[in-house]
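> pasting the sequence and the predicted coordinates here, then a few questions.
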Amino acid sequence: MSKILDYYFDNPEFKEEFLRATRKFFNRSRLGPGDNLKLEEGDEEKFNEWLLFDFRLKNKKTLLKDFYQRNPYNLSSFQLESYKDLQDNEYGVFEVLEVKIGEGLRLKNLKTEKAYWVKEYKGTFQAEEGELLINRVGKVGNHLELVGSNSYKLSEGSKHPLLGYLIAQPKLNPKTAREFFQWTEKIRNANRDSLKEKILDGGRCICDICGRKAKMAAMDYSKKTGDPIVICYNCNLRIRAHQDGISIKEAERRRKRIFEVSYLFQDIKMKRYFNIKGKRKFDSIEEANKILERIVDAWNNLSIKQRTDFEIIENKKLRKIYKNIPVDFSNL
């Protein structure tokens, strides 16, 4: 890919195109030749990937397609084939469904629900089933590979609560992903003093949506200002119902069910622990916390689809399923 970038970077014909791309990617509309541009770690790699696969020249072509059709180095048809193949690519948020060390990964695009087998070597030693990768899958010969810059990685148990906003983007690419994580970083660093008067005792709040004092359900951030906001239970239900296209009553039922299936799993596994140890209760708070941590880890190791599917299974069947899901109680 460096051959393509070198051609366009060094070609005076594309000087204005390159400046336009730089302005667009970094949101610096007034950036001029020679102006200072502060780069964060990984920015160069993300920019180059976006420039190659996503940026459109004035002729409406990506650099990859333009290079393939222009063939400035008079490459053979065999050599050009790889540039043609790579035009078949997909950038997205992928859940790792399966890892085969030294061979590859089975990934699922969370937006399209399509699954792919991706040939990969190095990444298999770092990837874990259930975690999320934000990367690009592309065709290389007769198989697929990860062809993007370094992945954004999110462990399955610590997915960002606003990730759905990223997945829903109509044009997900390294630029929009970079802006998403910059935004969430701003959120984390936001001045939380504004929340002190909104969060009340007893799990209540002054809701930023309706202005009433009520049971607190969620904390979010204003997409306009980045300031933290608190949302009461009823407003949160209305938001979820609207997003999913369902009634408020159905949204409430689903919310309760999410907690039910999780608590049922915890209950079954705690009883299992007591049976193993031959006792009826924990000896200390510390022991209880350690056991709960092991149980939560086992729950988080399940895929998103598995946990979602549990919500429509009756408890009697769930109990049988849960009994076959292992929890590591060793060395406790």
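On my side now, so go ahead. Just so it is clear, the structure is predicted and the values come from calculations on it, not from any experiment. Numbering: from 1, shown residues only.
> specify the local secondary structure of A217.
strand (DSSP: H, G, I helix; E, B strand; the rest coil).
> now do it against K249, distance only.
16 Å (CB to CB, to the nearest Å). In short, each C-beta sits where N, CA and C put it, glycine included.
> ok, E40 next?
46 Å.
> equivalent analysis for E90, please.
E90 sits 37 Å away from K249, going by CB to CB.
> those two: which is more packed in?
Between E90 and K249, counted using other CB atoms under 10 Å, E90 has the larger neighbour count: 19 against 10.
> and the more buried one, how far from L97?
With CB to CB as the criterion, E90 and L97 are 16 Å apart.
> separation between the closest residue to L332 other than its chain neighbours and F282?
Among residues not flanking L332 along the chain, K290 sits closest, at 6.1 Å (CB to CB, 6 or more residues apart in numbering). Going from K290 to F282 by CB to CB gives 9 Å.
> can you check K108 too?
As for K108, its distance to F282 is 38 Å (criterion: CB to CB).
> the more surrounded of those two?
K108 (21 against 17).
> show me what contacts that one?
F94, E95, L97, K114, A115, Y116, K305 (CB atoms under 8 Å, 6 or more residues apart in numbering).
> buried sites along the helix ranked longest in the chain?
Looking across the chain with DSSP state H, the single longest helix is helix 248-277. Across helix 248-277, burial judged by 16 or more other CB atoms under 10 Å covers A251, E252, R254, V261, S262, F265, Q266, I268, K269, M270, Y273.
> for stretch 299-308, same thing?
For stretch 299-308, by 16+ other CB under 10 Å, it's W299, N301, L302, S303, R307.
> ok, and the closest non-adjacent residue to the second one?
For N301, the nearest residue in space outside its immediate sequence neighbours is G130; the separation is 5.8 Å by CB to CB, 6+ apart.
> before we move on, what about the first one?
In space, not counting the residues next to it along the chain, W299 is nearest to F265; the distance is 5.7 Å by CB to CB, 6+ apart.
> quick check, D220 in a strand?
Yes - counting by three-state DSSP, D220 falls inside a strand.
> the nearest residue to it once chain neighbours are set aside: which element?
Distance criterion CB to CB, 6+ apart; nearest residue to D220, sequence neighbours excluded, is I229 at 5.5 Å. Assigned by DSSP states H and E, I229 belongs to strand 228-232.
> what strands line up against that strand, and which way round?
strand 213-221 (antiparallel) (DSSP bridges).
> compute the inter-axis angle for the partner strand and helix 248-277.
Strand 213-221 and helix 248-277 are oriented at 80 degrees to each other (axes from the mean of the first three to the mean of the last three CA atoms, to 10 degrees).
> now strand 213-221: buried residues?
A214, M216, A217, M219, D220, Y221.
> and those residues as TSV, adding pLDDT and distance to D10?
Shown next, in TSV, are the buried residues of strand 213-221 (pLDDT from 0 to 100; distance: CB to CB, whole Å):
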residue	pLDDT	distance to D10
A214	92	62
M216	89	57
A217	86	56
M219	78	49
D220	77	46
Y221	69	43
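> export those to TSV and tack on distance to I206?
Formatted as TSV, the buried residues of strand 213-221 follow (distance: CB to CB, whole Å):
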residue	distance to I206
A214	8
M216	9
A217	13
M219	13
D220	15
Y221	17
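> which of those sits closest to G138?
Y221 (33.4 Å; CB to CB).
> which residue ranges make up the domains of this structure?
Following automatic domain parsing, the chain resolves into domains at 2-85, 89-186, 190-244, 258-323.
> nearest to N331, of these?
It is, among the domains of the chain and with distance given as CB to CB, domain 258-323, at 9.8 Å.
> mind listing the strands for the stretch 1-150 of the chain?
Secondary structure of the stretch 1-150 of the chain (DSSP state E, counting those that start in this stretch): strands at 89-100, 104-109, 115-119, 132-140, 143-146.
> contacting residues around A288?
F282.
> pretty sure L132 contacts K153?
Yes - with contact taken as CB atoms under 8 Å, L132 and K153 are classed as touching, separated by 7.0 Å.
> these two: which has the busier surroundings?
L132 (24 against 15).
> give me the nearest residue to I291, chain neighbours excluded.
That would be Y273: by CB to CB, 6+ apart, it lies 5.5 Å from I291.
> do N236 as well
Per CB to CB, 6+ apart, closest to N236 is A217, 3.9 Å.
> for the one you found, which residues are in contact?
I231, C232, Y233, C235, N236, L237.
> against K196, how distant is it?
From A217 over to K196 (counting by CB to CB), the distance is 19 Å.
> the residue nearest to P33 when sequence neighbours are not counted: neighbouring residues, count only.
Take P33 and drop its neighbours on the chain: the residue closest to it by CB to CB, 6+ apart is L19, 6.6 Å away. For L19, the count of nearby residues is 14 (other CB under 10 Å).
> same check on L332?
L332 has 11 nearby residues by other CB under 10 Å.
> thank you, goodbye.
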